Each structure stands twice: as structure tokens, then as C-alpha cells.
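1. model the following, please.
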Amino acid sequence: MVDANRSATAGTLPNTALPNTALPNPTLARGTLTYGILPGAAITEVIVGVGPLTPAEVVSVARYGVTIRLAEEAENEITASRRVIEALADDVEPHYGVSTGFGALANRHIPTALRAQLQRSLIRSHAAGSGPEVEREVVRGLMLLRLSTLATGRTGVRLQTAQTYANLLNAGITPVVGEYGSLGCSGDLAPLAHCALAAMGEGDVRDADGVLRPAAEALQAAGIEPIVLEEKEGLALINGTDGMLGMLLLASNDLRLLLRTADITAAMSVEAQLGTDAVFAADLQALRPHPGQADSAANLRAILADSALMASHRGPECTRVQDAYSLRCSPQVHGAVRDTLAHAEVVASRELASAVDNPVVTPDGRVESNGNFHGAPVAYVLDFLAITVADLASISERRTDRFLDTARNHGLPAFLADDPGVDSGHMIAQYTQAAIVSELKRLAAPASVDSIPSSAMQEDHVSMGWSAARKLRRSIDGLTRVLAIELLTAARALDLRAPLQPAPATAAVVAGLRQVVEGPGTDRYLAPEIEAAVQYVSSGRAVAAVEAVTGPLT
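-> Residues are numbered from 1 along each chain as shown. This is a model prediction of the structure:
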């Protein structure tokens, strides 16, 4: 159920991420990986009302295909605002989006006889995307979020138009949307136009089985009547930040899982490299009271609890004074990512509580032009997250590299090889990490600092939020792989420390990995083992193995 109203409290957001959910295939549309899944939260139906959806509801519908329905209150609000638009349609005064052209052509008054054509032409001309197909979950997310705005009654669409979007989602029909086309101002125009085009029975879609079909054919097979747009409806279907917001919500959900995973891999690295956990003590962390840092340190303490391996070098014979930064400062770096994510989630909560359209139908019946469609608030945090993801991957790669160097790994064989010189061990796995981290640094360059004017200089400053969201998805994929390689390497090192035993929690995560990847031995074909580790991380199974011992991590 959604909230009764669309107000958001500044600075707060409930913890609504799906617990232990899998990452999707987080690559760009040109990727080919398929990720396993674990059950999400027990959401069986999402009711779309006048209030905001929760992040978990958006993920459930976008990723897991949970069904939706419009709340009665939303139906009433939609009907009421439509009456306002219909009253203006016969007005001799021009009203933007009702009886005028759009953008730089807004000064053209459109006669009644041409207004249906105006709406069709708007959608057809704006459905101008190009490039590889965008992922199914992204398209479903943006359709759901557009429907959520329609449900507020602030857009002036007819009830049957909103219901058609609900029907498309429930039938598993996904419009084909191209990678390129959105500048993130006036909303995600091109991606949303492709969705509206499908609702009109035009263009191409993927059906529930993923088969590419003409939209008219797929709608007919599902018993869905294509909509014939009337005044104002074309604008209402394409004027929103729904694409970039949906990708922010999906990325935030995935990053929550990866942050817990990063604490696990860091703990494994500290343990296998004979580091100290004394620096993670709560009183030391409290001296710098960043909440994310405290949470990460608490996770590290829980994961490393009762480790015989850690206890083996706590005595006076241990001459190590302090560990390298990549080990010692893990809570500080991981925690800063957590705090950045918390800020992004606050922005997302406000955007979920928004009714973005232009013009908008106000509660007192006015139809007013506005600039709420500008994607800057969302674009900025998407870019900020890409920066933190790159740094989180960077510190993970540095921890991994230490395992491979006999000058720094405290008695482990070179490159963790079975027979160094004959075997290369994990030498090239670290190369793969380094290549990914280098790519993530390039992806950390912000998209939102760019702006290219469009529409004859009417839209002379744009957010590039869609582009920021697209590269963040690729960054999340890269981080998943970097953490998986650290986990794979740290697990091998822990096995090589035998007969010393790791902590129960780290032993559990190693045991889970050993179900799909063999332990130390002579060199094997490494790529499949890396992919198995990626699946182990992305499915949430690595986190689940640890939490079965520690209880829920923060």
C-alpha cells in the first residue's frame, strides 16, 4: 500500500530496500549476463494511489513482475482533473499542451479538429530513441513511475489512459526503448514516448516471454485496447524524470547489497592477511561519528567475531603496528559510500513524492506551466553514486592485490599459486579487477556537468540525468565483479592459512563459494570461476551465508 499523501519528510527515508535481493543483469543493454535471483520482500501486489510508491514497490514491479492496480482514490482524482482539461479544451484562450503546440512551437494555436493528430504526432516524433534496447526492468520501472504520477490527478489524463499503462505492466508487455535519446530535461522524453507509442498500439514491444512483436499484435493478444490520445495526454505521458528515477531506485537497492558484500570481503581480506580488527572498535569509530562508518565497522566486528585466525597473532610476539590503509580504513571508505547512498535515497524519496508534469493541474483546478521536469536533483546524486562506486571498487582491488605479493601477504605463496612459476594463481584475476576499476574511474566523470541546448534554444539547459543513470548501472556491474574477485581471492587465501580456522561467518561464506568453485590447487580455467563468484555475490547468497551466522548486517 502507498501512503495517503505525497509529502516527503526532508532528510528521512525508511529502509525499504528488498532484503537479500539479487542484482539484475546490471550491464548496459549491450550486455549478455543473466543473474540468478533470490526471493524479494513479500510484496504480492502494489496499489498505485495518490501517494508515493516505496522503493521496494518499484523494484518489485520493475524487476520481479509484481502486479499492480489503481486505488479507488487515484481513479477519482484522475477523473476530476480530466474534467478540468475538458473544460479548457473549448476555451477560446490558448492553453499549453491542451490547445497549443509544444516546446519552441508553443505559440501555435491548434484548432479542435487537429488536436487528436497533435497528440499522436507528439508521441510519434518524440519516439526517436536509438541504440541497443534498454533493460526490461528499466522500462517497467519508468512506466510504473509515470503511472504513479498519473494517479495523483495532477496530469489531466483520462482514466482509461492510466488503466492502459497498468494493463501493459500486468501483461508483461515491455516497449522497446533505445539507449540514447533522453537529455534529462522536459523529463526522459524519448524513452517515455516509446512507451506511450506502444500504448497507442504502435512500435515494437517484448511480450511476457521476451519475444519481439509489433505493439498492435501484442496488445491484441493480451486483450488490451490501444489508446487514442486526447487533449493534454501526450504531454502527460512523456514529461517526467521516471527513467532516471527508476534507475536510481534499482541502483540504490543493488548498492545496499553490495555494501554489505564489501564489508564481508574486507573482513575476509583483513583476516587472511593477518591484519588487526582492533581498529574497528566501536569507541574508536565513535571519535568520528559518521553513521555509515559506524555501521560498516559494526559489520566488520560481527563478521570477524570468534576468529581463531585473528586470535593467532594477537599476542606480544606480533610486531605489526598497523595495517595498510586499504585494510585499516575500510569502514571509513565503505561508510562514506553508505552516507552518500543515504543522501541519494532522500533525494529519491522526494522525487517519488513528486507529481512531475508540464503543464500541471493544481488541486484548485488551475493548469499551470512549471519547470519541475528538470532532472538536476536526480542527475546529481546519480553522478555522486558513480564516484563512490568507483572508489569502493578501488579499495577492494587494492586489498586483493596485497594477497598476490610475497612482500606484503605475510607468508602466502606468490599470487596464491599452487606452484609459483609453474602456476600463475590469481595474477590475471587482479588484472581484470584493475581493468574494471580503471573503467569505473572513467564512468565516475559526471554527466550532469554537461548541457547541450535543444528545441531552438527553448530547452537551453538540460540535466543529462538519463546518461548519468545509464553509466551508474554499468558501474554497479563493475563493482559486483571487483568484489567477487576479492571474495574469490580472499577465500583461497583463507584456505591456504589452514590449519588456522577463520571466523564462523567468513568460514560460512567460503563454504558457500566452495559449492560452485573448487579450493586451492593447480591452475584451472579461471574465467568460469570468476563468473561463478559474480553470481554468488549478485544473487545475495554470499550475504545470506554470513547473515545466517551473524544475523542481519547493517
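
2. name the element Val46 belongs to?
-> strand 45-48 (DSSP states H and E).

3. the nearest residue to Leu341 once chain neighbours are set aside: what secondary structure?
-> Once flanking residues are discounted, Leu341 sits nearest to Leu255: 5.6 Å by C-beta to C-beta, 6 or more residues apart in numbering. Placement of C-beta: from N, CA and C, glycine included. Secondary structure state of Leu255, per DSSP: H, G, I helix; E, B strand; the rest coil, is helix.

4. check the offset of the strand holding Val46 from the chain's centre.
-> 20 Å (C-alpha atoms, centre = their mean, to the nearest Å).

5. do stretch 66-78 as well
-> 25 Å.

6. outside of it itself, list whatever touches it.
-> 2, 43-50, 57, 60-61, 144, 147, 150-153, 157-159, 162-163, 166, 169-170 (C-beta atoms under 8 Å, 6 or more residues apart in numbering).

7. start and end of that stretch, how far apart?
-> Terminal residues of stretch 66-78 lie 23 Å apart, using C-alpha to C-alpha, to the nearest Å.

8. stretch 154-173 now?
-> So stretch 154-173: terminal residues 26 Å apart, C-alpha to C-alpha.

9. equivalent analysis for stretch 350-369, please.
-> OK, stretch 350-369 end separation, C-alpha to C-alpha: 20 Å.

10. so for that stretch, what gets flagged as buried?
-> For stretch 350-369, a neighbour-count test (16 or more other C-beta atoms under 10 Å) marks 350-361, 367 as buried.

11. that older thread, who does the helix or strand just after the strand holding Val46 touch, helix- and strand-wise?
-> Sequence-wise, the next helix or strand downstream of strand 45-48 (DSSP H and E) is helix 55-64. The contact analysis (3 or more C-beta pairs under 8 Å, 6 or more residues apart in numbering; DSSP states H and E) places helix 55-64 against strand 45-48, helix 136-150, helix 242-272, helix 330-352.

12. buried set for the helix or strand following helix 55-64?
-> Counting by DSSP H and E, the next helix or strand C-terminal to helix 55-64 is strand 67-70. For strand 67-70, the neighbour count (16+ other C-beta under 10 Å) marks 68, 70 as buried.

13. equivalent analysis for stretch 470-482, please.
-> 470-482.

14. just the ones of the residues you listed in helices?
-> Within the buried residues of stretch 470-482, residues falling in helices by DSSP state H are 470-482.

15. CSV for those residues, including pLDDT and distance to Val449?
-> CSV is the format used below for these (pLDDT from 0 to 100; distance: C-beta to C-beta, whole Å):
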residue, pLDDT, distance to Val449
Arg470, 97, 16
Lys471, 97, 13
Leu472, 98, 15
Arg473, 97, 19
Arg474, 97, 18
Ser475, 98, 17
Ile476, 98, 21
Asp477, 98, 23
Gly478, 98, 21
Leu479, 98, 22
Thr480, 98, 27
Arg481, 98, 27
Val482, 98, 26
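
16. strands along the stretch 301-450 of the chain, start to end?
-> With DSSP state E, counting those that start in this stretch, the ranges of strands along the stretch 301-450 of the chain come out as 360-361, 367-368.

17. mind listing what the first one pairs with, with the direction of each?
-> Paired neighbours of strand 360-361 in the sheet (DSSP bridges): strand 367-368 (antiparallel).

18. list the contacts of the partner strand.
-> Around strand 367-368, the neighbours that count as contacts under C-beta under 8 Å, 6+ apart are 84-85, 88, 95-96, 98, 156, 359-362.

19. just give me the residue closest to the centre of this structure.
-> Residue closest to the average C-alpha location in the chain (C-alpha atoms, centre = their mean): Ala251, at 1.6 Å.

20. how close does that one get to Glu351?
-> As judged by C-beta to C-beta, to the nearest Å, Ala251 and Glu351 stand 14 Å apart.

21. before we move on, what about Asn76?
-> In terms of C-beta to C-beta, Asn76 sits 24 Å off from Glu351.

22. and if you look at Ala297?
-> 31 Å.

23. now the helices for the stretch 301-450 of the chain?
-> Applying DSSP state H, counting those that start in this stretch to the stretch 301-450 of the chain gives helices spanning 308-311, 325-328, 330-352, 376-404, 427-443.

24. buried stuff in the second one?
-> What it means is helix 325-328. Neighbour count says helix 325-328 has 326-328 buried, by 16+ other C-beta under 10 Å.

25. what do you get for the third one?
-> By neighbour count with 16+ other C-beta under 10 Å, helix 330-352 contains the buried residues 330-342, 344-352.

26. helices or strands up against that helix?
-> Secondary elements touching helix 330-352 (3+ C-beta pairs under 8 Å, 6+ apart): helix 55-64, helix 242-272, helix 291-304, helix 376-404.

27. adding mean pLDDT and distance to Ile110, write those out as TSV.
-> Output for these, formatted as TSV (pLDDT from 0 to 100; distance: least, C-beta to C-beta, whole Å):
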stretch	mean pLDDT	distance to Ile110
helix 55-64	96	35
helix 242-272	97	26
helix 291-304	98	53
helix 376-404	97	31
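
28. out of those helices, which is the most enclosed?
-> Greatest average neighbour count among the helices and strands packed on helix 330-352 goes to helix 242-272 (a mean of 27), per mean count of other C-beta atoms under 10 Å.

29. packing partners for whichever helix or strand comes after it?
-> Next along the chain after helix 242-272, taking DSSP H and E as the criterion, comes helix 282-286. Contact here means 3+ C-beta pairs under 8 Å, 6+ apart; on that basis helix 282-286 packs against helix 291-304.
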